[in-house]
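Participant: Have a look at this prediction, sequence included:
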Amino acid sequence: MPKLTVDGVEVEVPVGSTVLQACEAAGREIPIFCFHPRLNIAGSCRMCLVEMEKSPKPVASCAMPAADGMVIKTDTPLVHKARRGVLEFLLINHPLDCPICDQGGECDLQDITLFYGPDQSRYTENKRPVVDKYLGPLVSTHMTRCIHCTRCIRFLDEVAGVEELGAVQRGEHMEITNWIEASLTSELQGNIIDLCPVGALNSKPYEYKARTWELRKTESIDVSDAVGSNIRVDARGNEVMRIVPRLHEGINEEWLSDKGRFLYDGLKKRRLDRPMVRRDGQLQPADWRIALDAAAARLKGTAPERIGFVIGDLVDAETMVLVRELAARIGTPNVDCRQDGSRLGYGPRASWLFNSTIEGIERADAFLLVGTNPRHEAAVLNARIRKRSRQIPMPVGRIGAAGIDLTYEVQDLGAGVQTLSDLLAGGIGFAKELRAAQNPMVILGSGATARADGLAVLDLAMRVADEFGAISEGWNGFNVLHHAASRVAGLDLGLVPGQGGGLDVAGMLAGGVDVLFLIGADELDLSGLSPDVHVIYQGHHGDRSAPRADVILPGAAWTEKHGTYVNTEGRPQRAKLAVMPPGEAREDWKILRALSDVLGVTVKLDTLGAVRARLAELAPFLATPDVIVPAAWERAAGPGDLGFDRAPFVSPITEYYQTNAIARASGVMAECTKLRLAEHSIKATGTHG
Amino acid sequence: MSSAVHIATRPYGAMAPDVETFAFSPENQEEVARILARYPAERQQSAMLPLLLLAQEQHGGWLPQAAMDHVAELLNVAKIRVYEVATFYDMYNTRPVGPIQVRVCTTTPCWLCGSDDIVRAAKDELECDIGESSPDGRFFLREFECLGACANAPVLWVDQDFYEDLDYEKARAVLAALKRGETPKPGSQTGRQASMPVGGKTTLFETAPESRPANDEAGA
């Protein structure tokens, strides 16, 4: 470990560190633009210059490897002069439009200029004009502000895995561009907005909407997938203005998927903001008392086993506690949190968790993807797999739809169950690679479990995990990748029809119930539902299910309530209330609490604290936020001879930007979808280059 | 340069049009194979520069996007990586230009010896400005940094040939000949041999020995 002296302080840093890291270890802050700890070193901005003894010139500390005996000075006249000089050059072509720039207030160039820069410019010539580039509906560009740090290029190349941005021309004419006027295709492109140290890349939907210092910042959790990315919801008044990621090394590092970042405009559209009751065939506004009475009357007048509850993908754990209590008091076994028809939820908890944890991906050395397209189902998690594949040469096998680009090299092994059992029997070449791995990982997606033979596939996959050494001391390589934010909490709370004869979603829709209570369940096909079935819809968007409802109880979206979400790893995290629900909409658990009173089966949980205490009772492993309680590995007894379906595994996500009610209400997501479809049709007709 | 690039032969046609698709001609495909063979399998993208040059020569002096895309495909790299390289280097033209490339050196030695006149002569004769192609689309005029022929300043570089010791009239004469489809004699236009002193030689008056060492010619 090299030992160096920084400003008279002796520090020891790990081998391979840079001088910049050594300075930071010594508690010195070095201004940087191009350097980013998660990206390769570019050394292009020269902002991090420091003085090094025996070096005639200042050195770029981000690119200089730390060596034994170096004497570094970061606070000398030479360093100050160098910084001032670099900034003066950077500012030569940078426009003075801070007052209208969206980056203003959170701009590295602004801050660093304030601290280290010259107080005036000596430049009187014309500034360099640069044409703005079109990068799609998410990222806006103001290329005159660009200082050529190339972070955006490096991010797309290294993390997102789509080489679409580059630096063309050279010297004074250098420009960041995609060359062809096409939108970026990454599901992580929004992150280049955060990475840009100046205002060159901005959020297009947020453009000119607010100033950063007027925003009220609330810590929350992303619900657009089951990764549970940490986010910050920035609101002004009662309006969500933007969503940005928060750092969480165990989950999303500092990235966020585009859907999580940009779906928020859907929060302002198609909202259910008052209770409604169907009269004379029309849904008509009503007050809460009337709506609750109407719902209760129906529930009371129906035999308990003819009542069914279906829980949607965005529901928080607190609401599910109330659903569980309410259903138990009504006496119905028909409760299902798996609206996609998944068969998970029976047997040990390890059979529905991402047991290796997301951080564990960086310890794995072989992957088997079964019935999943992680790029669409969990974009941030997919970036982690890509990160790992760049660290070591790593075999990735896929069983399911072939040919989909996951941004790393994948061997397509086959399409369905047959391949999986062949693999178990060792009849596929990939078996050898999997067996050779120290920490192999099996990732089972809902494409494999949301089908009639789901349990049998699950059992088969668990046997594969066992057989190929994915389960060992300190390593559990069996992983289920969910794509619904509510799913793991639902399974943990046992919100599946019991083995004792409750109906699952398909059973309820096929005429098994007379009253169907939907809690934010919008991914169902209600077209086949008998017109006699009474539908109560509680949720926040007038999406697919609300038009069919007979009673609508307006709930709160995830930004409008305090809620616990359990991600695919089984990690409970709390999202906080950022804005108030619109109109007469209420927090969901309170609605169910009130309904239980009207029904006369009072659920005695009156405060959020009480609900959470009950949650901790029902599922003790969900008691502490952000702590994963590992699930013990046991293989459930085989489900018996269910017979396999020969159909290939199909990922549940056909349209990445349209997977939940909020995203479907969002204009930004709609535009992304339109572009993606247009691109596909161009490719299909073969007129593309 | 000892590159084996196939140079299109005169007379040139007009400016090459943009194309939707690009493929190397059969002769050039052999050349592509030869170029690719120079680099190890995992370093194939090192062949980008010579392949781009070959594509540009084949396409009459400039690189349409289709050609860059084709090179990207051959090398299995992202298209933007090829655009970056093609725009970085001065000798690739990524917009349509005339096939006969006329470059005037305007760096200090040439400038002191009157390169302003040469620029004027080229503008007058080719009827276009710096960075433009002539109206007939056959010539592309541009300024260039030092061509390394300072002893014979000012210099004009046309395709593979240097025309040296120019003045306004001589430059026009050279370009006029090129316009007629002739190939003027390259080198000094004042009759001076190579870069001997302008006033005749001042040394080496002895006659050359009968037998010269063999290795003298090898480097020529």
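Facilitator: Yep, that arrived. Residues are numbered from 1 along each chain as shown, chains lettered A, B, ... in the order given.
Participant: can you pull the contacts of residue 146?
Facilitator: Just so you know, I chose chain A. Neighbouring residues of A:Cys146 by CB atoms under 8 Å, 6 or more residues apart in numbering or on different chains: A:130, A:175-176, A:198, A:200. Where C-beta positions appear, they are placed from N, C-alpha and C, glycine not excepted.
Participant: hm, I was asking about chain B
Facilitator: With CB under 8 Å, 6+ apart, B:Cys146 has these contacts: B:105, B:107, B:109-110.
Participant: how does it look with 10 Å?
Facilitator: B:Cys146 makes contacts with B:105-110, B:153, B:155, as judged by CB atoms under 10 Å, 6 or more residues apart in numbering or on different chains.
Participant: pLDDT value on it, please?
Facilitator: Looking at B:Cys146, its pLDDT is 93.
Participant: any idea whether it is helix, strand or coil?
Facilitator: Assigned with DSSP: H, G, I helix; E, B strand; the rest coil, B:Cys146 falls in the coil class.
Participant: For it, give its distance to A:Gly609.
Facilitator: Noted for B:Cys146: a distance of 79 Å to A:Gly609, by CB to CB, to the nearest Å.
Participant: now A:Thr150
Facilitator: Distance check for A:Thr150 against A:Gly609: by CB to CB, it reads 49 Å.
Participant: quick one, which of these two is more surrounded?
Facilitator: Higher neighbour count among A:Thr150 and A:Gly609: A:Thr150, with 22 against 9, using other CB atoms under 10 Å in any protein chain shown.
Participant: How about the more buried one: what's its closest non-neighbour residue?
Facilitator: Excluding the flanking residues, the one nearest A:Thr150 by CB to CB, 6 or more residues apart in numbering or on different chains is A:Ala42, at 5.2 Å.
Participant: Could I get the contacting residues of the one you found?
Facilitator: Counting by CB under 10 Å, 6+ apart, A:Ala42 makes contact with A:33-36, A:60, A:62-63, A:148-151, A:153-154.
Participant: Give me the pLDDT value at it.
Facilitator: Reported pLDDT for A:Ala42: 94.
Participant: Spatially nearest residue to residue 190, not counting backbone neighbours?
Facilitator: I'll assume chain A. Ranked by CB to CB, 6+ apart and with sequence neighbours excluded, the top spatial neighbour of A:Gly190 is A:Arg261, at 4.3 Å.
Participant: you looked at the wrong chain, it should be chain B
Facilitator: B:Asp165 (4.4 Å).
Participant: Next, count neighbours for that neighbour.
Facilitator: A count of neighbours around B:Asp165, defined by other CB under 10 Å, yields 20.
Participant: ok, now A:Glu377?
Facilitator: Neighbour number of A:Glu377 under other CB under 10 Å is 26.
Participant: how about the residue of chain A found nearest chain B, secondary structure?
Facilitator: Using CB to the nearest CB, the closest approach of chain A to chain B is made by A:Glu163 at 3.3 Å. Classification of A:Glu163 by three-state DSSP places it in coil.
Participant: Same question for A:Lys217.
Facilitator: Classification of A:Lys217 by three-state DSSP places it in strand.
Participant: how many neighbours does it have?
Facilitator: If we define neighbours as other CB under 10 Å, then A:Lys217 has 13 of them.
Participant: what are the bridge partners for it, then?
Facilitator: With DSSP bridges as the criterion, A:Lys217 is bridged to A:Asp234.
Participant: Could you verify my assumption that it touches A:Glu106?
Facilitator: No - the pair A:Lys217 / A:Glu106 is not scored as a contact, 11.2 Å apart, by CB atoms under 10 Å.
Participant: Sort out which residues of stretch A:6-20 are buried, please.
Facilitator: Using 16 or more other CB atoms under 10 Å in any protein chain shown as the test for burial, stretch A:6-20 gives A:6-7, A:11, A:13, A:17-20.
Participant: try stretch A:515-535
Facilitator: Within stretch A:515-535, the residues that qualify as buried are A:515-524, A:526, A:529, A:533-535, counting by 16+ other CB under 10 Å.
Participant: next one: stretch B:133-140
Facilitator: Neighbour-count burial for stretch B:133-140 flags B:133-134, B:137-140 (criterion: 16+ other CB under 10 Å).
Participant: Just give me the closest of these to chain A.
Facilitator: B:Phe140 (18.3 Å).
Participant: ok, the residue nearest the centre of chain B to chain A distance?
Facilitator: Central residue of chain B (CA atoms, centre = their mean): B:Asp159, 3.5 Å from the mean position. To chain A, B:Asp159 is 24 Å away according to CB to the nearest CB, to the nearest Å.
Participant: surely that residue meets B:Met91?
Facilitator: No - judged on CB under 10 Å, B:Asp159 makes no contact with B:Met91 at a distance of 11.7 Å.
Participant: shared neighbours of these two, which are they?
Facilitator: B:101, B:103.
Participant: returning to that earlier point: skipping adjacent residues, who's closest to the residue of chain A closest to chain B in space?
Facilitator: Nearest non-adjacent residue to A:Glu163, counting by CB to CB, 6+ apart: B:Ala78, 3.3 Å away.
Participant: give the contact list for the one you found.
Facilitator: Contacts of B:Ala78 (CB under 10 Å, 6+ apart): A:156-157, A:162-166, B:72, B:84.
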